[in-house]
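K.L.:
just to be clear, the model below is a prediction. Sequence and coordinates:
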Amino acid sequence: MDIKPIREEADYERALRRVEELWNASESSTESDELEILATLIEAYEREHYPVELPHPIEAIKFRLEQKGKDSRALIGVIGQRTRVYEVMQGKRSLSLNMIRNLHEKLHIPAEVLIQSARRGRKVDVHGSSARVRRTSIRKSA
């Protein structure tokens, strides 16, 4: 086991290749330990060099509704009446604290996703398709 810090892209690529070699290592082996350490190093490198932005709150709501096979009518009573739902989903009204709480509680959307647009103030096309975010995960599944 010759593990070194990941300081640059070449180190990162080398670590990824090594993970591929170790992927099917048996549990409780030296190779499995090496895989776990490399996964931690790669994750730290990716967090610093390839940050994943949180989705816009409206896109997160749309995505969750799509996952559940529902449309915006399912939000009636969660964030308000039909008019309020329409205003929020069209980006004409911001989410209130009570709406955020209800969406978090009932749809299990992380609160940090729902509150972040006010902090960032970024523009998003709420009428367009959902943004696709590539997430890299090298954790070995059980």
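P.N.:
Received, thanks. Just so it is clear, the model here is predicted, and its values are computed rather than measured.
K.L.:
all contacts plus neighbour counts: C-alpha atoms, from now on.
P.N.:
Noted.
K.L.:
is it true that Val19 touches Glu36?
P.N.:
No: shown here, Val19 and Glu36 do not form a contact pair, counting by C-alpha atoms under 8 Å, at 9.0 Å.
K.L.:
gap between Ser32 and Leu107?
P.N.:
For Ser32, the distance to Leu107 equals 37 Å [C-alpha to C-alpha, to the nearest Å].
K.L.:
give me the more crowded residue out of Val19 and Glu36.
P.N.:
The neighbour count for Val19 versus Glu36, taken as other C-alpha atoms under 10 Å, is higher for Val19 (24 against 18).
K.L.:
so where's this protein uncertain?
P.N.:
Along the chain, the parts satisfying pLDDT under 70 run over 117-142.
K.L.:
could you point out the longest helix in the protein?
P.N.:
Criterion DSSP state H: the longest helix present in the chain is helix 30-49.
K.L.:
before we move on, the earlier item: which residue of Ser32 and Leu107 possesses the greater neighbour count?
P.N.:
Set Ser32 next to Leu107 and count neighbours by other C-alpha under 10 Å: Ser32 wins out with 18 against 15.
K.L.:
list the residues that contact that one.
P.N.:
22, 25-26 (C-alpha atoms under 8 Å, 6 or more residues apart in numbering).
K.L.:
cutoff 6 Å now
P.N.:
Ala25 (C-alpha atoms under 6 Å, 6 or more residues apart in numbering).
K.L.:
name the element the most centrally placed residue in the chain belongs to?
P.N.:
The residue lying closest to the centre of the chain (C-alpha atoms, centre = their mean) is Leu54, at 6.1 Å. In this structure, Leu54 sits in neither a helix nor a strand according to DSSP states H and E.
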